[in-house]
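1. After the sequence you'll find the predicted model.
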Amino acid sequence: MPATSSSDVAILALGVVLAGAYLFRDQILPSKQKVVPTAPTKFSNGHSNPRDFVAKMKEGKKRIVIFYGSQTGTAEEYAIRLAKEAKSKFGLSSLVCDPEEYDFENLDQIPEDSCVFFVVATYGEGEPTDNAVQLTQNLTDQSFEFSNGEHKLEGLKYVVFALGNKTYEHYNAIGRNIDTELTKMGAIRIAERGEGDDDKSMEEDYLAWKDGMWEAFAEAMGVEEGQGGDSPDFSVTELDLHPPEKVYLGEYSVRALTKTKGIHDAKNPFPSPVSASRELFKVGANRNCVHMEFNIEGSGITYQHGDHVGVWPSNPDVEVERLLCVLGLADKRDTVINIDSLDPALAKVPFPVPTTYDTVLRHYIDISAVAGRQMLGAFSKVAPAPEAEAFLKKLSSDKEEYAAVVTHGCFKLGEVLQLATGNDISVLPTIHNTTAWSIPFDTIVSSIPRLQPRYYSISSSPKLHPTTIHVTAVVLKYDSVPNSSYQARSVYGPVTSLPSYIIEGPRGAYKDDTVYKVPVHVRRSTFRLPTNPKSPVIMVGPGTGVAPFRGFVQERVALAKRTIEKNGPDALNDWGTISLFYGCRKSTEDFLYAEEWPKYIEDLKGKFKFQRAFSREPPFKPDGSKIYVQDLMWEDRKNIADAILVGKGYIYICGDAKSMSKAVEEVLMRILGEAKGGTAEVEGAAEIKLLKERSRMLLDVWS
């Protein structure tokens, strides 16, 4: 179960007294499932081929084509931003492309006065995103021929912006590899490669890179800044008459709006009744950890151990009300609006329409995220007073000031705009205590990313729980600045300082009498146990990193019960041992599922080994320092080395990427290096590399 990242500043908790239901916000790593697109079909250039991007460029008189490799939408957002800046700075139009929808044989036919941008994320173990698999293969495969009959791109002008996270071993590997391969093929990089680090601030890395890039771009392309102009991406029209049943009030697709039967996916999540929810941490802990069970009976949804469940959040009432007041739309909240793209190739309407102002702010865009620095600079132009303009300009131009005020305070856009005009953000916003800004609503839609589902590691096995999906999630309990934190309402009751939500959902779809529901869908993963139970398994999951391993153990328990029933009490004798290294602070405070592990040990007849470390209670190391999971692993190094080197076992790590997973990999290198008669840096590192290449070492980690 991932923890909050820098791009998702708060965890959303939705409490219901009658049902005990919680809805919370978080950030997770993408699944490791790969969908390899079908091989490209060779066509000659021409309008008859919808996969020919060069023909589309020529037809639309576009000098820039931007390919994005995106798993969660971030790279796509930056690709669109680059296209918008090229238009506003130089008056140049761009073709923004999902590479999965195009063929690349004619990449060598890009006109000489044009340029290709690659905005690509790296995920997993240095892998391309699902939609960039074919692109990456074509660029790196020496046998792949372009239309010139060779694997060459002589003179092709290109720019690369890579997205990644430095806490991962293969930081920005895809962007770097694409850059290297293009250079080998004779292409010309016309600006320094940009690299964004989501562990710190992707936004700051982008802002630091883009100005120098555009200068180099202008020189290479022979264009001058100032030839473009500020033009809107969308037009917003208020509709006087429109059938109410055709207005989207939070639904994500026409299937959801019309309640058409079909699969439940990211565009049509299933309103799942919360069949159980309970607090896992003991009373008195300064944090909360919630166990929830989503009922999927009759939904057609299936899952496997190790998969992720996407939970669709909504924005809290106070932030919706705040922006409605700031934008002067409080009395028009339910007005039906239609939104049209003025350049569909550049900017697609990011949610279904027609809808309402209230719905957009509540269900479709992420108004609860920390306000972006570049966004504040744009809004300073329409400030209602000179002081407000100066305030926003200072924040947008001075990154230290921005970090001290906005980032540190976790201030959202509505809060920053109120602060700029001297409004009191500690009181509930109304039209009487909030200064209105003349910000066009189309600018709001263009500036704020779409609200995304929060993904959680599933902590159950369908073999034991076929009709429910279990989730284990930490809910933060703290107060930083007024109205800047999300807390578990159902834990504390109806306290007025906690944010509230319209939990009934669009048209009451998330409530059935006294039962409340949460919109969910399942995303597949390759984080799976080996199919052969004879293979030893080592699992490392401190804190909520234990979530998927609860599902792993349940999976083995279900198989063990069937095997014993079929073959007798000795049927597990040749099974490999599955070992779980778990850690938390205190056995009396945050020991997750403490009552379950002994039962699993009994069910698996000694084939399940559970080792635990409580960092804030004895025993400590001789020097008084704390004991963590990596210390337990070092103590058990002989068994671990035998399981991996002799038993051809598998290793799984889940949890914090910044410190825990690195420490675990380091101790594994020491263990394997010593067992191979060498060093951690040479033999140990080589063994770890081999394990990853053979998919015997898998990580599900987050920063």
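-> On my side now, so go ahead. Numbering: from 1, shown residues only.
2. Kindly export stretch 513-530 (C-alpha atoms) in CSV.
-> Extracted in CSV, the C-alpha atoms of stretch 513-530 (Å, rounded to 0.1, in the frame of the first residue of the first chain):
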residue,chain,number,x,y,z
ASP,A,513,-30.2,2.6,2.0
THR,A,514,-27.7,2.6,4.8
VAL,A,515,-24.9,1.0,2.8
TYR,A,516,-22.3,3.2,1.3
LYS,A,517,-20.1,2.3,-1.7
VAL,A,518,-16.8,3.2,-3.1
PRO,A,519,-16.0,3.3,-6.9
VAL,A,520,-13.2,0.8,-7.7
HIS,A,521,-11.6,-1.1,-10.5
VAL,A,522,-8.7,-3.6,-10.6
ARG,A,523,-5.4,-3.1,-12.3
ARG,A,524,-3.3,-6.2,-13.2
SER,A,525,0.2,-6.8,-11.9
THR,A,526,3.0,-9.2,-12.5
PHE,A,527,3.8,-9.1,-8.8
ARG,A,528,3.0,-12.8,-8.4
LEU,A,529,4.2,-15.9,-6.5
PRO,A,530,6.0,-18.6,-8.6
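3. what about stretch 60-69, start to end distance?
-> 23 Å (Cα to Cα, to the nearest Å).
4. Can you list the buried residues in that stretch?
-> Buried residues in stretch 60-69, counted by 16 or more other Cβ atoms under 10 Å: 62-69. Yep, even glycine has a C-beta here, placed from its N, CA and C like the rest.
5. so residue 380, which of the three states?
-> helix (DSSP: H, G, I helix; E, B strand; the rest coil).
6. So it versus residue 157, what's the distance?
-> Applying Cβ to Cβ, to the nearest Å, the value for residue 380 to residue 157 is 34 Å.
7. tell me how far the ends of stretch 518-533 are from each other?
-> Start-to-end, stretch 518-533 (Cα to Cα) is 35 Å.
8. Who has more neighbours out of residue 380 and residue 157?
-> Neighbour count, other Cβ atoms under 10 Å: between residue 380 and residue 157, residue 157 has more, with 23 against 19.
9. For that one, give me its contacts.
-> 110, 114-116, 187-188, 190, 220-221 (Cβ atoms under 8 Å, 6 or more residues apart in numbering).
10. Name whatever forms a beta bridge with it.
-> Per DSSP bridges, the residues bridged to residue 157 are residue 188.
11. ok, back up a step: okay, the contacts of residue 157 in CSV with neighbour count next?
-> Formatted as CSV, the contacts of residue 157 follow (neighbours: other Cβ atoms under 10 Å):
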residue, neighbour count
110, 22
114, 18
115, 23
116, 22
187, 23
188, 14
190, 16
220, 15
221, 18
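12. Sort out which of the residues you listed are in helices and list them.
-> Among the contacts of residue 157, the members falling in helices (DSSP state H) are 220-221.
13. Residue 449 contacts residue 369, doesn't it?
-> Yes - using Cβ atoms under 8 Å, residue 449 makes contact with residue 369 at a distance of 7.1 Å.
14. who's more crowded, these two?
-> Taking neighbours as other Cβ under 10 Å, residue 449 and residue 369 compare with residue 369 leading, 19 against 16.
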